[in-house]
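Participant: sequence first, predicted model second:
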Amino acid sequence: CRSNVQEQTRRQVALLNATAQDLFSLYLKCQGEPFSSETDKLCNPNSIFFPAFRVNRTSERKEVMVAMYKLFAFLNASLGNITRDQEELNPTAKELLDRLHNTTKTTRGLISNLTCLLCKNYNIFQVDVSYGESSKGKSSFKKKQQGCQVLRKYVQVIAQAARVL
């Protein structure tokens, strides 16, 4: 690990938090109706799996780092699914695709930093992670809805993650 890995991790989470709402808004705009007008109904994230993030400022650092790793491993896989679906459904939505790619790059860097911190500080070499449901084989509408639900939940959880660090 480099000496500034903890600070770099904090900056990456702050960057993701600062850009999450714009990514979600742009995603909605690119999906068109009924997603832009029925966001609350169609993008309700309660029906999808998302890793629990039950840590706060009083949690042990080790617990926070493990929860962060689980969250961002899940998110990285989900962003991969969403990006693949959008490349198929909205191939000309350059700004959305660029933002999805940039968010994925930041998330991968963050996973690398968290791996380093877990290994160096806590001797944790493996974390059991869960991944979201694949959207392969689903209808266009279901693909859009799944992306919408995941990104809405991401906006909520990334804000919490930024507060904890």
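Facilitator: Perfect, I can see it now.

Participant: go ahead and flag the most central residue of the chain.
Facilitator: residue 75 (3.5 Å; Cα atoms, centre = their mean).

Participant: any chance you could map the strands in the protein?
Facilitator: With DSSP state E, there are no strands along the chain.

Participant: test my guess that residue 80 contacts residue 105.
Facilitator: No: the criterion here is Cβ atoms under 8 Å, and residue 80 misses it with residue 105 at 11.8 Å. C-beta here means a position set from N, CA and C on the backbone, and glycine is covered the same way.

Participant: thinking again about what came up before, pLDDT value on the residue nearest to the centre of the chain, please?
Facilitator: Per-residue pLDDT puts residue 75 at 95.

Participant: likewise for the one 5 residues further on?
Facilitator: Residue 80 carries a pLDDT score of 95 in this model.

Participant: quick one, what contacts the residue lying closest to it once chain neighbours are set aside?
Facilitator: Setting aside the residues directly before and after it, residue 80 is nearest to residue 104 in space (Cβ to Cβ, 6 or more residues apart in numbering), at 6.8 Å. Neighbouring residues of residue 104 by Cβ atoms under 8 Å, 6 or more residues apart in numbering: 76, 79-80, 83.

Participant: switch to 10 Å and redo it
Facilitator: By Cβ atoms under 10 Å, 6 or more residues apart in numbering, the residues touching residue 104 are 75-76, 78-80, 82-83.

Participant: before we move on, what about residue 2?
Facilitator: Residue 2 makes contact with 8, 113, 116, according to Cβ under 10 Å, 6+ apart.

Participant: now do the helices in the chain.
Facilitator: Ranges of helices within the chain are 5-31, 39-42, 61-89, 94-122, 140-164, based on DSSP state H.

Participant: can you give me the buried ones in the fourth one?
Facilitator: I take that to be helix 94-122. By neighbour count with 16 or more other Cβ atoms under 10 Å, helix 94-122 contains the buried residues 96-97, 99-100, 103-104, 106-107, 110-111, 113-118.

Participant: low-confidence ranges in the protein?
Facilitator: The chain contains no residues with pLDDT under 70.

Participant: if we use 90, what do you get?
Facilitator: Within the chain, the ranges that satisfy pLDDT under 90 run 1-3, 36, 47-50, 52, 56-57, 120-134, 165.

Participant: can I get stretch 145-165 in CSV, CA atoms only?
Facilitator: What follows is stretch 145-165 as a C-alpha-only set of coordinates in CSV (Å, rounded to 0.1, in the frame of the first residue of the first chain):
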residue,chain,number,x,y,z
GLN,A,145,-35.8,-0.7,-14.2
GLN,A,146,-33.1,-2.8,-12.6
GLY,A,147,-30.5,-0.1,-13.4
CYS,A,148,-32.8,2.6,-12.1
GLN,A,149,-33.4,0.7,-8.8
VAL,A,150,-29.6,0.0,-8.3
LEU,A,151,-28.6,3.6,-9.0
ARG,A,152,-31.2,5.0,-6.7
LYS,A,153,-30.1,2.8,-3.9
TYR,A,154,-26.5,3.7,-4.7
VAL,A,155,-27.3,7.4,-4.3
GLN,A,156,-28.6,6.7,-0.8
VAL,A,157,-25.8,4.4,0.3
ILE,A,158,-22.9,6.3,-1.1
ALA,A,159,-23.9,9.3,1.0
GLN,A,160,-23.9,7.2,4.0
ALA,A,161,-20.5,5.7,3.1
ALA,A,162,-19.1,9.2,2.7
ARG,A,163,-20.3,10.2,6.2
VAL,A,164,-18.7,7.2,7.8
LEU,A,165,-15.2,7.7,6.4
